[in-house]
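>>> Any chance you can model this:
(one chain, ligands or ions: 4)
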Amino acid sequence: MAKLYYDHDADLSMLKGKKIAVMGYGSQGHAQAQNLKDSGLDVVVGLRKGSKSWDQALADGLEVTTVAEAAAQADVIQILVPDEVQGTVYQQEIAENLKEGDILVFSHGFNIVYSQIVPPENIDVILVAPKSPGHLLRRMYQQGMGVPGLLAVHQDYSGKAKDYALAYAKGIGCTRAGVIETTFKEETETDLFGEQTVLCGGVSHLIMAGFETLVEAGYQPEIAYFECLHELKLIVDLMYEGGISMMRYSVSDTAQWGDMTVGPRIINEATKQEMKKVLAEIQSGKFAKEWILENRAGRPMFNSLAKKGKEHPIEKVGAELRKMMPWLQK
Ligand SMILES: NC(=O)C1=CN([C@@H]2O[C@H](COP(=O)(O)OP(=O)(O)OC[C@H]3O[C@@H](n4cnc5c(N)ncnc54)[C@H](OP(=O)(O)O)[C@@H]3O)[C@@H](O)[C@H]2O)C=CC1
Ligand SMILES: CC[C@](O)(C(C)=O)C(=O)O
Ligand SMILES: [Mg+2]
Ligand SMILES: [Mg+2]
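Ligands and ions are numbered 1, 2, ... in the order given. Purely as a prediction, here's the structure:
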């Protein structure tokens, strides 16, 4: 059984008197910086001068400076720029500004696990990873609640690295819900596996295949969109609240029978064998190597696949149909 930590296990005062630099003000950066500040901690945001994020962080009432300056000022440095730029940002702006006893924080272990960042031995290196997109992390904190998270220790120079990780998790609100102890390796490999095979890659391709099958058989694209994409949220919401059993309880018996008998023909032993291959490529570093090289080459494949995805008929019909639901437009 996983070890869980809550508010009463964490001592926020360990971070009092320390300056926390949050590098990046995107999905996680904006949420973590504001939650830490609202928890009474001393936060500075590190960004590129003149960027949109810089203006936004200032507008949200945060202190903002360059990444290098924030790193120089800080005792705790949380790297929340995109994974693929973290190595360069660390080497060019953070490394030379680290001092003995600093605490380096990540919300995803990719750059440590695949050795794109190799920190000096005289600092703590920890992971605090909310298991949620940043906007939900912020919203739940503001409502007095929190989202679950993970914590891990890569380097314990101070002998108190885990306590610092717990304090940080409390600062962003995660210990309100509960934090599970893991390792950088487990967090990184499971996160990559989940997003590739189920959450992002699996679901998006399942949706497109279902949509294409209906449209190619002559059904209206609008009907195919509602059936294969729109209604997915309603089904996922039920699973989110009460697991697969609650979803099956809520849908019709006809749907449940189809789920249980036809589902295994779609996601079958061959799918699971391919999942095992994907996991092996994550574990061996093959996936990481390809993604790092793709970025070094200027992302030719990423850009071409993203363009192709945006041009898929489901995106065109979806853009029109979502106008029927103005509450989605904000
Ligand atoms: N998205 C999520 O909800 C989750 C993310 N994570 C992890 O959190 C980390 C951050 O991810 P996420 O929040 O999605 O990242 P985002 O893509 O949302 O971060 C973008 C931010 O990084 C800034 N940035 C980009 N490049 C640079 C640079 N060279 N120098 C300075 N600032 C830069 C951008 O500023 P600018 O305006 O200048 O472009 C912007 O503020 C990753 O490790 C990710 O794996 C973990 C759990 C969930
Ligand atoms: C599911 C995608 C994710 O892993 C996340 C929001 O947790 C990510 O890398 O953005
Ligand atoms: Mg994730
Ligand atoms: Mg991820």
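>>> switch to C-alpha atoms for all contacts and neighbour counts from now on
Fine.
>>> mind showing which ranges of this protein have poor pLDDT?
Low-confidence segments of the chain, defined by pLDDT under 70: 330.
>>> Give me the domain ranges for it.
According to automatic domain parsing, the chain comprises the domains 4-182, 200-267+299-328.
>>> which of the ones you listed is buried the deepest?
Ranked by mean neighbour count, these are led by domain 4-182 with a mean of 20 (mean count of other CA atoms under 10 Å).
>>> Okay, now that one: how far is its last residue from its first?
Start-to-end span of domain 4-182 (CA to CA, to the nearest Å) is 10 Å.
>>> Out of the domains of the chain, which is closest to residue 290?
domain 200-267+299-328 (10.8 Å; CA to CA).
>>> touching ligand 1 at all, that closest one?
No. Judged by CA under 6 Å from any ligand atom, domain 200-267+299-328 stays clear of ligand 1, getting no closer than 12.4 Å.
>>> measure that domain end to end?
20 Å.
>>> next one: stretch 64-78
One end of stretch 64-78 to the other measures 14 Å (CA to CA).
>>> Turn the domains of the chain into TSV, including distance to ligand 2.
Putting the domains of the chain into TSV (distance: least, CA to the nearest ligand atom, whole Å) gives the following:
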stretch	distance to ligand 2
domain 4-182	5
domain 200-267+299-328	6
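>>> can the ones you listed go into a markdown table with extra columns for distance to residue 191?
Converted to a markdown table, the domains of the chain look like this (distance: least, CA to CA, whole Å):
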| stretch | distance to residue 191 |
| --- | --- |
| domain 4-182 | 8 |
| domain 200-267+299-328 | 11 |
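>>> Of those domains, which is nearest residue 283?
domain 4-182 (10.0 Å).
>>> can you give me the strands in this protein?
Under the criterion DSSP state E, the chain contains strands at 4-5, 19-23, 42-47, 63-66, 76-79, 103-106, 124-130, 149-155, 179-181.
>>> In the sheet, which strands lie alongside the third one, parallel or antiparallel?
This means strand 42-47. Partners of strand 42-47 in the sheet, by DSSP bridges, are strand 19-23 (parallel), strand 63-66 (parallel).
>>> Of all those strands, which one is nearest residue 293?
strand 19-23 (23.6 Å).
>>> List the contacts of that closest one.
If you take CA atoms under 8 Å, 6 or more residues apart in numbering as the criterion, strand 19-23 is touched by 29, 32-33, 41-47, 67, 70-71, 73-81.
>>> just the helices in the stretch 151-300 of the chain please.
Ranges of helices within the stretch 151-300 of the chain are 161-171, 174-177, 184-193, 201-216, 221-225, 231-250, 253-266, 269-284, 286-296, 300-310, based on DSSP state H, counting those that start in this stretch.
>>> Relative to the whole chain's centre, how far out is the third one?
Shown here is helix 184-193, whose average C-alpha point lies 11 Å from the average C-alpha point of the whole chain (CA atoms, centre = their mean, to the nearest Å).
>>> any bit of it sitting next to ligand 2?
Yes. Helix 184-193 comes into contact with ligand 2 (CA under 6 Å from any ligand atom), by way of residue 191.
>>> Any buried residues in that helix, and which?
184, 185, 187, 188, 189, 191, 192, 193 (16 or more other CA atoms under 10 Å).
>>> Need the phi and psi values for the residue nearest to the fourth one when sequence neighbours are not counted.
Taking CA to CA, 6 or more residues apart in numbering, and ignoring the residues beside it in sequence, residue 188 has residue 109 as its nearest neighbour in space, at 5.2 Å. Here is the backbone geometry of residue 109 (degrees, to the nearest 10): phi -90, psi 10.
>>> Could you do the one 5 residues further on as well?
Per-residue torsions, residue 114: phi -100, psi 20 (degrees, to the nearest 10).
>>> Who are the contact partners of it?
Counted by CA under 8 Å, 6+ apart, residue 114 has contacts 285, 288.
>>> can you check residue 133 too?
By CA under 8 Å, 6+ apart, the contact list for residue 133 reads 27, 28.
>>> Would you mind measuring from it to residue 8?
Counting by CA to CA, the separation of residue 133 from residue 8 is 25 Å.
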